[in-house]
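Asks: Pasting the sequence and the predicted coordinates here, then a few questions.
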Amino acid sequence: MLTWGYFELSAPVGTSATSMPRYFFHLRMTAGPVVHDRVGIEFLDLAAARADAEEAVRQTIIERKIAGQHLDVDALVIADRGGHILAVIDFDPNFAPHSSTPTRQ
């Protein structure tokens, strides 16, 4: 488990001869600049990265609501090493996450 900001993400254990892709989880804050993940986490693929990020967001929302704290994040942005946005997990007014994948033009 890797704790980063509000989020705990499951980092894969061990290494293999083939390097897995590294995904970066940036936080788009309600007020203020984007908080950039400069380390990233390796996952088998985007689906695995998104699933882990969505679960981390759900858990964070639950914990913050129970504590009576406001969640000041608009979205969690998943990017690749080149900075290309691969997916965005937005928050609706009830803090329920929903995921989207940007369309390529």
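Replies: Nice, thanks for sending it over.
Asks: can you pull out the helices in the protein?
Replies: 46-66 (DSSP state H).
Asks: In it, where is pLDDT below threshold?
Replies: Of all residues in the chain, those with pLDDT under 70 make up the ranges 1-18, 92-105.
Asks: Walking through it, point out its strands one by one.
Replies: Counting by DSSP state E, the chain has strands at residues 2-4, 7-9, 22-29, 41-42, 73-79, 85-91, 97-100.
Asks: out of the ones you listed, nearest to Gln59?
Replies: strand 7-9 (7.0 Å; CB to CB). For every residue, glycine as well, the C-beta is placed using N, CA and C.
Asks: Met20: neighbour count?
Replies: Neighbour count for Met20, taken as other CB atoms under 10 Å: 15.
Asks: Touching, it and Gly40? I think so.
Replies: No - contact criterion CB atoms under 8 Å: Met20 and Gly40 do not qualify, at 10.7 Å.
Asks: rewinding a little: what's the most buried one of the strands of the chain?
Replies: strand 73-79 (a mean of 21; mean count of other CB atoms under 10 Å).
Asks: That one pairs with which strands, parallel or anti?
Replies: strand 22-29 (antiparallel), strand 85-91 (antiparallel) (DSSP bridges).
Asks: Helix 46-66 and that strand, what's the angle between them?
Replies: 160 degrees (axes from the mean of the first three to the mean of the last three CA atoms, to 10 degrees).
Asks: i'd like the first residue to be 26 from this point on
Replies: Happy to do that; since the first residue is 26 now, the last one works out to strand 98-104.
Asks: can you list contacts of strand 98-104?
Replies: Strand 98-104 is contacted from outside by 31-32, 48-55, 59, 71, 74-75, 78, 81-82, 110-116, 122, using CB atoms under 8 Å, 6 or more residues apart in numbering.
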